[in-house]
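> sequence and predicted model, in that order:
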Protein chains: 2
Amino acid sequence: MPRWESDAQGRLERAALELFETQGFERTSVAQIAGAAGLKERSFYRYFPDKREVLFAGNELETHLVAQFEATDPGLTPLEALLTALKAAEEIFRPREFLLRRVRVIAANPALAERDLIKLADIADALARALERRGVEPGKARFIIDVVLTIHRRATSRWLTDPDASLSRLITQATDELREVVTPPAPTAR
Amino acid sequence: MPRWESDAQGRLERAALELFETQGFERTSVAQIAGAAGLKERSFYRYFPDKREVLFAGNELETHLVAQFEATDPGLTPLEALLTALKAAEEIFRPREFLLRRVRVIAANPALAERDLIKLADIADALARALERRGVEPGKARFIIDVVLTIHRRATSRWLTDPDASLSRLITQATDELREVVTPPAPTAR
DNA sequence: CCTCGTGATGACAGCATCTGTTGTCATCGA
DNA sequence: TCGATGACAACAGATGCTGTCATCACGAGG
């Protein structure tokens, strides 16, 4: 019989999400989160470096994306390879219900939105480094990553409001749309 | 003779940049910044809502970009209009020397990098709203903004290392590059 | 010349975040 | 059985940020 309940980190994460939902991020103290998880404030900081990270712990998405990318055919265009990796990452998204709650809480709190942006930037950096490992020049790598993230955002934004569409299909659709936006208007067309 | 030196805000900003450069963001306290500017800690918070904002005060860039955009020919493609606005904003960049110091300090401190990202996101939101005012559907507006920011980042990144190139020229160059990246490889190739 | 409002600042008190350090007590392995 | 380790509590302290009230110069109006 263990001396302490197991999965302290998981309890902290669930308690935090719950509290942030009901009373807001700013109005819930770390001591309160810890208390709800049966721990003391000091223990919270053993699992998370700061209060926000309780919603951002884990690198699964980043490592998964990089791994998927490295597994693609090196003969592909960087853009093609990255889009393939993105499509293959659809399943990583944890229980949709949990994900939506999390997104709402983050969107409602500027401090959390800030952290969210930097996490995305970290993923972008990791992917850019992966591109460089395939011989793409650094500046260009970052550029291609930005293109991919633009496509990805367009696709997931649609996916959030229309869960039935497959992410893979939405990605190719967004790619076509990008091509269209960037193509100089044909003088005759429309 | 005024009771207080003038431009308290400017003194705080300069003192903060100086201190962040020499001893880092985390290791300089608000009281220290205020002291260096001849004020007390409490006065610092009368000018800036928090410690980071001392490097981000002011919306000139955002308002300038939106204004430039609204001034463009409504007959233009959204993308064309935005790129035009971007090119017209080159002059807004304050003394290059100051700008570079600021960029370095921000890049060296995760907390400041976070704030920087959210400021960019704010500009993106403002531009997206401006696009919507021209009748672009919200999701598409955000998409186009992302495209423009991708181009802009590619251009300014080159501009930082090669100050002599005109930003305007770099922007059209990046646009061409984007078109190239997105264009599907000719079916005959490979 | 006096008074009174206004605006900028100081002084103080207080809560919350985050960190360093030390003590306690099960559990595990030799 | 005993020492090491891991998981947590307890405590102290620096710093970020906020609310509130006092202070003092300045300028407008009487």
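It's in.
> what's the weakest-modelled helix or strand in chain A?
Within chain A, no helix or strand scores below helix A:96-108, which has a mean of 90 by mean pLDDT, DSSP states H and E.
> which other helices and strands contact that helix?
Helices and strands touching helix A:96-108, as assessed by 3 or more CB pairs under 8 Å, 6 or more residues apart in numbering or on different chains; DSSP states H and E, comprise helix A:8-23, helix A:110-133. Heads up, the C-betas are built off the backbone N, CA and C, glycines and all.
> run through the residues of chain A sitting next to chain B.
With CB under 8 Å from any CB of the partner chain as the criterion, chain A meets chain B at residues A:75, A:77, A:79, A:110, A:113-115, A:117-118, A:121, A:139, A:142-144, A:146-147, A:149-150, A:153-154, A:157-158, A:174-175, A:177-179, A:181-183, A:185.
> spell out which residues of chain A are next to DNA strand D.
Contacts of chain A with DNA strand D, taken as CB under 7 Å from any atom of the strand, map to A:Trp4, A:Glu5, A:Ala8, A:Ala34, A:Gly38, A:Leu39, A:Lys40, A:Arg42, A:Ser43, A:Arg46.
> hmm, which of these are the buried ones?
Among these, those classed as buried by 16 or more other CB atoms under 10 Å in any protein chain shown are A:Ala8, A:Ala34, A:Leu39.
> what separation is there between the last one and A:Ser6?
The reference is to A:Leu39. In this view, A:Leu39 and A:Ser6 are 13 Å apart by CB to CB, to the nearest Å.
> same thing with the second one?
Between A:Ala34 and A:Ser6 the computed distance is 16 Å (CB to CB).
> what's the answer for A:Ala113, then?
A:Ala113 sits 32 Å away from A:Ser6, going by CB to CB.
> these two: who's more crowded?
Under the criterion of other CB atoms under 10 Å in any protein chain shown, the comparison of A:Ala113 against A:Ser6 puts A:Ala113 first, with 15 against 8.
> show me what contacts that one?
By CB atoms under 8 Å, 6 or more residues apart in numbering or on different chains, the contact list for A:Ala113 reads A:Ile106, A:Ala107, B:Ile118, B:Ala121.
> same check, this time on A:Ile151
A:Leu83, A:Leu86, A:Ile171, A:Ala174, A:Thr175, A:Leu178.
> between the residues of chain A next to DNA strand D, which sits nearest DNA strand C?
DNA strand C has its nearest neighbour among the residues of chain A next to DNA strand D in A:Arg42, at 4.9 Å by CB to the nearest atom of the strand.
> which element is that closest one on?
Using DSSP states H and E, A:Arg42 falls within helix A:41-47.
> where in chain A is pLDDT low?
Low-confidence segments of chain A, defined by pLDDT under 70, span residues A:1-5, A:91, A:93-94, A:185-190.
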